[in-house]
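Engineer: curious how this folds, go ahead:
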Amino acid sequence: MLETKRLILRRWNEDDAEDLYRYASDPDVGPIAGWPAHRSIEESRDVIKNVFDGREAYAICLKKDRKAIGAIELKLNGHTDMTDRDDECELGYWLGKPFWGQGIVPEAAREMLRHAFEDLGMQKVWCGYYEGNAKSKRVQEKCGFRYQWTTEGVDVPLMHEKRTGHVNLMTKEDWQQIRLGERKD
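Structural biologist: Numbers count the residues shown, from 1 in each chain. You can find the predicted model right below:
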């Protein structure tokens, strides 16, 4: 479990299926991130068991009730196509629509970056978003990720389409400079 001022980042469990479905069934949430809206609580339960089962997959919860309102994960080697190194990973996240615009994902992402660099010994954390996902782009900018490249025609298998993808990077050195207030962009 990880903690911030307002949030608890904890492991998913099957009891979270109703909360997951509540937010993941919204057509404004999943499709822009590359996955279809959930159609049932059973589908959400299956996602908890088979998708949110990574070693560093967490439910984003407000401290006040500890109910899942989104997801955040460090996708380690073997579970990301952005790197094949053990000292690099990919950050992925989404948040239920009622919680948009409150700075929740940047707060969760900063704690995940701390965890990646301090606890897991990562040297680089990659993060991407699809063209048109301005909210995800903004999270990455707020956290200090640096633009790396854009790729046209990226396969989005769960949506059966191709999109333009943008890739950003945070190095351990960047993160340390941001924490110390030394990095000037």
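Engineer: excluding its backbone neighbours, what's nearest the residue nearest the centre of the chain?
Structural biologist: Taking CA atoms, centre = their mean, the centroid of the chain lies closest to Y93, which sits 1.9 Å from it. Distance criterion CB to CB, 6 or more residues apart in numbering; nearest residue to Y93, sequence neighbours excluded, is I72 at 4.3 Å. C-beta coordinates here come from the backbone N, C-alpha and C atoms, glycine included.
Engineer: in the sheet, who's paired with that neighbour?
Structural biologist: For I72, the beta-bridge partners are Y58, Y93 (DSSP bridges).
Engineer: surely it meets L91?
Structural biologist: Yes: using CB atoms under 8 Å, I72 makes contact with L91 at a distance of 7.4 Å.
Engineer: please say which of the two ends up with more neighbours.
Structural biologist: More crowded of I72 and L91, by other CB atoms under 10 Å: L91, with 26 against 23.
Engineer: assign a three-state SS to the more buried one, would you?
Structural biologist: Secondary structure assignment for L91 (DSSP: H, G, I helix; E, B strand; the rest coil): strand.
Engineer: H115 now?
Structural biologist: Applying three-state DSSP: H115 is helix.
Engineer: and L62, how far from G103?
Structural biologist: For L62, the distance to G103 equals 12 Å [CB to CB, to the nearest Å].
Engineer: contacts only, for the residue nearest to D28 when sequence neighbours are not counted.
Structural biologist: Leaving aside its chain neighbours, D28 sits nearest to K97 (5.6 Å; criterion: CB to CB, 6+ apart). Residues in contact with K97 (CB atoms under 8 Å, 6 or more residues apart in numbering) are Y23, D26, D28, V29.
Engineer: would you confirm that the last one contacts F99?
Structural biologist: No: taking CB under 8 Å as the contact criterion, V29 and F99 are not neighbours in contact, 10.5 Å apart.
Engineer: if you count what's nearby, which of those two comes out ahead?
Structural biologist: Counted by other CB under 10 Å, V29 and F99 do not tie: V29 has more neighbours, with 19 against 15.
Engineer: this structure: strands as residue ranges?
Structural biologist: Using DSSP state E, the strands of the chain run over 2-3, 7-10, 57-62, 68-75, 88-95, 124-130, 146-156, 161-171.
Engineer: quick one: neighbours of K63, just the number.
Structural biologist: 11.
Engineer: what's the closest non-adjacent residue to it?
Structural biologist: Counting by CB to CB, 6+ apart, the residue nearest K63 is I8, at 5.6 Å.
Engineer: ok, residues contacting stretch 31-41?
Structural biologist: By CB under 8 Å, 6+ apart, the residues outside stretch 31-41 that reach it are 17-18, 20-21, 24-27, 29-30, 44, 47, 94, 130, 132-133, 136, 156, 158-159, 163.
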